[in-house]
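what shape does this take:
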Amino acid sequence: MTAGIIDKQLMQERFTRPGGVLLISCYELGHQPLNLASPMAHLRAAGLQPVAVDTSIESLEDETIRCAGFVAISVPMHTALRLGSRLAERIRAINPEAHITFYGLYATLNADYLLRDHGDSVIGGEYEEALTALAISVASGHAANSVPGVGTAHRMADPILERLNFVQPDRRDLGSLRSYAGLEISGVIVRAGYVETTRGCHHTCGHCPITPIYGGRFFAIGRDKVVSDARAQIAAGARHITFGDPDFFNGPQHGLRIMRELRVDFPELTFDATIKVEHLIEHEKLVPELAALGCIFVVTAVESLSETVLRKLSKGHNRRDVETALAIVDRSGIPMRPSLLPFTPWTTIEDYLELLEFFAEHDLIEHVDPVHFSIRLLVPPGSALLSDPTSGEWLGELDEPAFTYRWKSPDSKLDDLQAGVSRLVERAAAENEPARETFAAIWSLSREIAGRDFTEIPTPVERRKTPPRLTESWFC
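Now for the predicted structure:
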């Protein structure tokens, strides 16, 4: 698939001037959005003059909307989709003639609703070249459904799973790194950049939105492109890089080669990455090199300690594996920052209490942002969990405006607990409350709702140091 170079004589006036093509990101976990920088590079290479707006740090002005003939809204995650869909309503009201497309993981999953109520087209999977071709087609007066990989109300399209000709992302017009999350280490905040070395994922976890889109496939991005992108961010002030791959060890040597090359010229550069529990165990021999190359924490999708929940989510690990992986990173001096999914249709109140005890006993309270103790399973359209043979026991109706199927726990106490913990962590975040205080409140509330006698939070055998963290909480 290739867009080619535009014959500008075929372009409508509103497309040839700056702002005729408008790219919008609403939420990208506090990172300078690669989901804008990458398509910006493709669009500019094709001769367009796109404008990028990240509404998480800047306002989208009415005049900017009026100038656009083509609007592309990035929806890589659920929160971005909810914000983006509301924004599409505003764009449609101000500029009803503009073509609105949604691109990213959640675009294809929610195509029916988006195309009916919010937009003109959707693109999933490896989207950059299709997005560029779509902008050219619309600008030239051709039908959107003539572009391969683009879904419309008249023709649905599968996610694009063809290797792209990746180009270096174009970050020139994006907000400065100081506008985004930084790395907080020992009370000092340094600027952080963000890159990806792969797209998709080798694994097929049941709850992950990557699974129904990529189906276990992943694509490596050329080392030279990733290194060049990292260097550009370092030149802009980054002293830390987040690797945003779903799993840094999908292709374990690929990411390591990139960091080896960067450390030659930037020996003080640090980084963080996301690595599965089973990969930390499988590639234990590589973990010391992670530390030597400047890895200062690893995000690990622990999700739960319940055998039932982990099996339903197809996570590929159990509680013993979590303890083994924790010991592996401990030996190399790399803090683990677990991500959690404590509320699912299969979670019991005992599971939740056990999870809290585990984090207290292993002194991991400050290793996880408190919001993780409140996260509730999302089941978007197309989710792999819809094929669960027991789904009839727990699955409710699709709430299209919320982009998820509803579900209730068999134990109503858990639904009450999730709502209560959500209120606690929202208040704590607003008041900048220390993590241990928030955890203590969650501990008390959970035992109260469970109808258990209050007990003191267990004292860990060994205290851990407060780990480095990004100043934006990691959750979808």
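
touching, residue 306 and residue 352? I think so.
No. Judged on C-beta atoms under 8 Å, residue 306 makes no contact with residue 352 at a distance of 9.1 Å. Where C-beta positions appear, they are placed from N, C-alpha and C, glycine not excepted.

and those two? which has more neighbours close in?
residue 352 (25 against 22; other C-beta atoms under 10 Å).

so the more buried one sits right up against residue 342, yeah?
Yes. Counting by C-beta under 8 Å, residue 352 does reach residue 342; the two are 5.8 Å apart.

avg pLDDT for the helix or strand residue 353 falls within?
Applying DSSP states H and E as the criterion places residue 353 in helix 349-361. For helix 349-361, mean pLDDT is 98.

which other helices and strands contact that helix?
Here helix 349-361 is seen to pack against helix 412-431, helix 435-450 when contacts are counted using 3 or more C-beta pairs under 8 Å, 6 or more residues apart in numbering; DSSP states H and E.

tell me what the first one is packed against?
Meaning helix 412-431. Using 3+ C-beta pairs under 8 Å, 6+ apart: helix 412-431 touches helix 349-361, helix 435-450.

what does the shortest one give?
Contact analysis of helix 435-450 by 3+ C-beta pairs under 8 Å, 6+ apart lists helix 349-361, helix 412-431 as its packing neighbours.

buried residues, the last one. List them.
Within helix 412-431, the residues scored as buried using 16 or more other C-beta atoms under 10 Å are 414, 417-418, 420-422, 424-425, 428.

kindly export the helix or strand following the helix holding residue 353 (C-alpha atoms) in CSV.
Scanning forward in sequence from helix 349-361 by DSSP H and E, the next helix or strand is helix 391-394. This file holds the C-alpha atoms of helix 391-394, laid out as CSV (Å, rounded to 0.1, in the frame of the first residue of the first chain):
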residue,chain,number,x,y,z
SER,A,391,-20.0,-15.3,29.1
GLY,A,392,-23.7,-15.9,29.3
GLU,A,393,-23.4,-16.0,33.1
TRP,A,394,-21.8,-12.6,33.5
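
could you list the buried residues of helix 391-394?
Neighbour-count burial for helix 391-394, counted by 16+ other C-beta under 10 Å, picks out residue 394.

now do that helix, average pLDDT.
Averaging pLDDT along helix 391-394 yields 92.

what does that helix contact?
Applying C-beta atoms under 8 Å, 6 or more residues apart in numbering, the contact partners of helix 391-394 are 345-346, 385, 407-408, 410.

filter these to the buried ones?
Buried members of the contacts of helix 391-394, counted by 16+ other C-beta under 10 Å: 345-346, 385, 407.

switch those over to a markdown table; also include pLDDT, secondary structure and distance to residue 441.
Putting these into a markdown table (pLDDT from 0 to 100; DSSP: H, G, I helix; E, B strand; the rest coil; distance: C-beta to C-beta, whole Å) gives the following:
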| residue | pLDDT | secondary structure | distance to residue 441 |
| --- | --- | --- | --- |
| 345 | 97 | coil | 25 |
| 346 | 97 | coil | 26 |
| 385 | 96 | helix | 31 |
| 407 | 96 | strand | 26 |
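
what is the nearest of the residues you listed to residue 111?
When the buried ones among the contacts of helix 391-394 are compared for distance to residue 111 (C-beta to C-beta), residue 385 comes out closest, at 18.5 Å.

how close does that closest one sit to residue 374?
20 Å (C-beta to C-beta, to the nearest Å).

can I get the helices and strands packed on helix 412-431 in CSV with distance to residue 325?
Listed next are the helices and strands packed on helix 412-431 as CSV, based on distance: least, C-beta to C-beta, whole Å:
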stretch, distance to residue 325
helix 349-361, 13
helix 435-450, 21
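
among the contacts of helix 391-394, which one lies nearest to residue 119?
Nearest to residue 119 among those, counting by C-beta to C-beta, is residue 385 at 25.6 Å.

that closest one contacts residue 205, doesn't it?
No. Residue 385 is beyond contact range of residue 205, at 9.9 Å (criterion: C-beta under 8 Å).

next one, pLDDT for residue 14 please.
You'll see residue 14 listed with a pLDDT of 53.

I meant residue 461, not that one.
For residue 461, the predicted pLDDT is 84.

run through the residues that contact it.
Here residue 461 is in contact with residue 361 (C-beta under 8 Å, 6+ apart).

out of the contacts of helix 391-394, who's nearest residue 69?
residue 385 (39.0 Å).

does the closest residue to the closest one other than its chain neighbours belong to a helix, a strand or coil?
In this structure, residue 385 finds its nearest non-sequential neighbour in residue 206, 4.9 Å apart by C-beta to C-beta, 6 or more residues apart in numbering. When classified by DSSP: H, G, I helix; E, B strand; the rest coil, residue 206 comes out as coil.

and for residue 296?
When classified by three-state DSSP, residue 296 comes out as strand.

is it in contact with residue 271, as I believe?
Yes. Contact criterion C-beta under 8 Å: residue 296 and residue 271 qualify, at 7.4 Å.

so what sits against both of those two?
Common contacts of residue 296 and residue 271, defined by C-beta under 8 Å, 6+ apart, comprise residue 240.

tell me which of those two has more neighbours.
In this view residue 296 and residue 271 are compared by other C-beta under 10 Å, and residue 271 has more residues nearby, 25 against 18.

in which helix or strand does the more buried one reside?
Secondary structure from DSSP H and E places residue 271 in strand 270-274.

out of the helices and strands packed on helix 435-450, flag the one nearest residue 112.
The minimum distance between residue 112 and the helices and strands packed on helix 435-450 falls on helix 412-431, with 27.7 Å, by C-beta to C-beta.

the closest one versus helix 349-361: what angle between them?
40 degrees (axes from the mean of the first three to the mean of the last three C-alpha atoms, to 10 degrees).

all further residue positions should be reported with the first residue as 50.
Renumbered: residue one is now 50, and that last one reads helix 461-480.

how's the chain carved up into domains?
As assigned by automatic domain parsing, the chain contains the domains 57-195, 226-519.

let's have those domains in TSV, adding distance to residue 220.
Converted to TSV, those look like this (distance: least, C-beta to C-beta, whole Å):
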stretch	distance to residue 220
domain 57-195	5
domain 226-519	6
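
in terms of mean pLDDT, which of the ones you listed ranks lowest?
Mean pLDDT is lowest for domain 57-195 out of the domains of the chain, coming in at a mean of 90.

distance between that one and the chain's centre?
From the chain centre to the centre of domain 57-195 is a distance of 19 Å (C-alpha atoms, centre = their mean, to the nearest Å).

do the same with stretch 277-285
What separates the centre of stretch 277-285 from the centre of its chain is 21 Å, taken as C-alpha atoms, centre = their mean.
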